[in-house]
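Colleague: Predicted model, plus sequence, below.
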Amino acid sequence: MQKFRLNHMKSFADSKEIDIKPITIFVGKNSCGKSSLLRFPVVLAQTFREEAITPLLFFGNMIDYGNYDDVLYKHEDNCLVFKLSFGRELSRYVRLEAGRWRSTMAQGLRNHFYSYKSSAELQVTIDKPLKKIEVKKAELYLDTLKICDLEREGEKEYIFRFYQFYNGDSWEKWEKEIILPEAQFDKFIPFVGVENLVGQFCLQEGLTSKENDFEQDFGVFFSYDKFLQHVDELKKPELEKVYCMAAFVQAYFRGIKWQLADEAANMVYIGPFRENPKRIYRDSESSYNDVGTVNIPACCCGRQRRKIRSCWEMCQDGFRMPWVIRLM
């Protein structure tokens with residue numbers, strides 16, 4: 001993950017994009033939102049490290065970010081929105097997932113994965129209907145171009161929308177809506193099943209009469225070519241687009257999931273440690289008393305690297321923080 005952005009969360013109506021650099025330091029007045037920014041990647045980490053069924057795990061083994069109402073900006077009746085940005089480091093995960101579909105995916109889409117140069121963004125909107133935290137909307141962007149989204153309509157029904165199709169050389173505008181009676185999520189990431197999307201599209205367009213009939217033909221050992229033999233020639237191009245793009249976005253969503261899970265496994269968090277002003281968090285009781293020095297209103301999180309000792313290990317061994325910051 002290279003960047004993130006928060007909307008209607010904690011102290012921010014809009015935090016703007018926050019770049020994650022090898023060393024990122026937040027400086028500001030008390031209660032201006034420094035810790036909220038620093039701790040948001042930790043919320044992501046504990047969400048993926050623990051067996052959570054909620055989209056975001058605000059209170060876990062790593063930190064206490066507050067409850068849903070605490071996290072809402074000014075406790076307004078609004079939705080939480082965050083955007084995660086990824087660079088070329090995502091390509092390794094996406095290609096692994098795309099490999100499952102290369103045999104049936106259009107040549108143009110296969111070429112896209114081999115010559116991956118895109119930046120990807122996932123924007124998620126979360127609300128709390130009926131006292132349950134749920135994903136209201138998830139949007140996928142490539143190079144700032146909106147590819148698709150999944151949005152809840154009503155209590156359970158979702159609408160999946162495609163906005164673009166890759167023709168082998170470039171993206172072309174292509175809008176298609178597929179109504180889903182329900183949707184599944186892995187944390188806050190849509191679980192886009194190719195079979196489910198194509199199946200619902202076929203039912204919606206009248207390409208098959210019964211859902212059960214479709215499931216029998218479109219099972220684990222589904223033969224796409226065999227299925228196409230029963231489809232009207234005029235509708236084949238549209239069906240092929242849906243099938244290819246469903247496999248495409250599934251590879252991206254699952255690739256994002258695996259990258260976040262890997263980053264979560266390597267996340268280190270220390271803090272907060274402050275004496276002036278004193279703040280008490282539910283997770284602070286497990287912190288070491290001798291970390292840092294008095295009057296340091298700071299906390300630290302980072303990604304572990306091989307052969308590099310984490311700050312936590314150093315502090316346990318009696319070392320002081322290995323840096324000094326002087327503001328002129």
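Modeller: Right, received. Where do you want to start?
Colleague: show me where the stretch 1-150 of the chain has strands.
Modeller: Taking DSSP state E, counting those that start in this stretch as the criterion, the stretch 1-150 of the chain carries its strands at 3-9, 12-14, 18-19, 80-86, 120-127, 134-142, 145-152.
Colleague: what lines up beside the third one in the sheet?
Modeller: With DSSP bridges as the test, strand 18-19 is paired with strand 3-9 (antiparallel).
Colleague: Please report the distance of Ser91 from Pro41.
Modeller: From Ser91 over to Pro41 the distance is 21 Å, taken as CB to CB, to the nearest Å. Glycine gets a C-beta too; all of them are placed from N, C-alpha and C.
Colleague: Quickly list what Glu164 is bridged to.
Modeller: Actually, residue 164 is Gln rather than Glu. Beta-bridge partners, per DSSP bridges, of Gln164: Lys173.
Colleague: pretty sure it contacts Lys176?
Modeller: No. If you go by CB atoms under 8 Å, Gln164 and Lys176 don't touch, sitting 10.2 Å apart.
Colleague: and the two? which has more neighbours close in?
Modeller: Gln164 (19 against 16; other CB atoms under 10 Å).
Colleague: Just the pLDDT for the more buried one.
Modeller: pLDDT recorded at Gln164 is 92.
Colleague: ok, now which ones touch it?
Modeller: With contact set as CB atoms under 8 Å, 6 or more residues apart in numbering, Gln164 has these partners: 145-148, 171-174.
Colleague: Give me the below-cutoff pLDDT ranges for the stretch 51-200 of the chain.
Modeller: Within the stretch 51-200 of the chain, the stretches with pLDDT under 70 are 99-117.
Colleague: Look up the residues forming beta bridges with the nearest residue to Glu151 once chain neighbours are set aside.
Modeller: The shortest distance from Glu151 to any non-neighbouring residue, by CB to CB, 6 or more residues apart in numbering, is to Lys137 (4.4 Å). On the basis of DSSP bridges, Lys137 is bridged to Thr125, Glu151.
Colleague: Do a quick rundown of the strands in the stretch 151-300 of the chain.
Modeller: 158-166, 171-180, 185-186, 189-190, 267-273, 298-303.
Colleague: So which of those strands is nearest Glu205?
Modeller: Closest of the strands of the stretch 151-300 of the chain to Glu205 is strand 171-180, at 9.5 Å (criterion: CB to CB).
Colleague: for the closest one, packing partners?
Modeller: Applying 3 or more CB pairs under 8 Å, 6 or more residues apart in numbering; DSSP states H and E, we find strand 171-180 packed against strand 145-152, strand 158-166, helix 194-205, helix 236-265.
Colleague: If I take the last one and strand 134-142, what angle do their directions form?
Modeller: This means helix 236-265. If you take axes from the mean of the first three to the mean of the last three CA atoms, to 10 degrees, helix 236-265 sits at 110 degrees to strand 134-142.
Colleague: in helix 236-265, what counts as buried?
Modeller: Using 16 or more other CB atoms under 10 Å as the test for burial, helix 236-265 gives 239-261, 263-264.
Colleague: do the same with the third one
Modeller: Judged by neighbour count (16+ other CB under 10 Å), helix 194-205 contains these buried residues: 194, 196-203.
Colleague: again, but for the second one
Modeller: Neighbour counts using 16+ other CB under 10 Å place 158-160, 162-166 of strand 158-166 among the buried residues.
Colleague: now the first one
Modeller: Within strand 145-152, the residues that count as buried by 16+ other CB under 10 Å are 147-152.
Colleague: just those now: which is nearest Asp127?
Modeller: Distances from Asp127 to these, taken as CB to CB, are shortest for Arg152 (8.6 Å).
Colleague: isn't the closest one right up against Ile179?
Modeller: No. Contact between Arg152 and Ile179 fails when scored by CB under 8 Å: they sit 11.7 Å apart.
Colleague: Between these two, which contacts overlap?
Modeller: Tyr158.
Colleague: Show me how the protein divides into domains.
Modeller: If you go by automatic domain parsing, the domain ranges for the chain are 3-83+266-316, 87-263.
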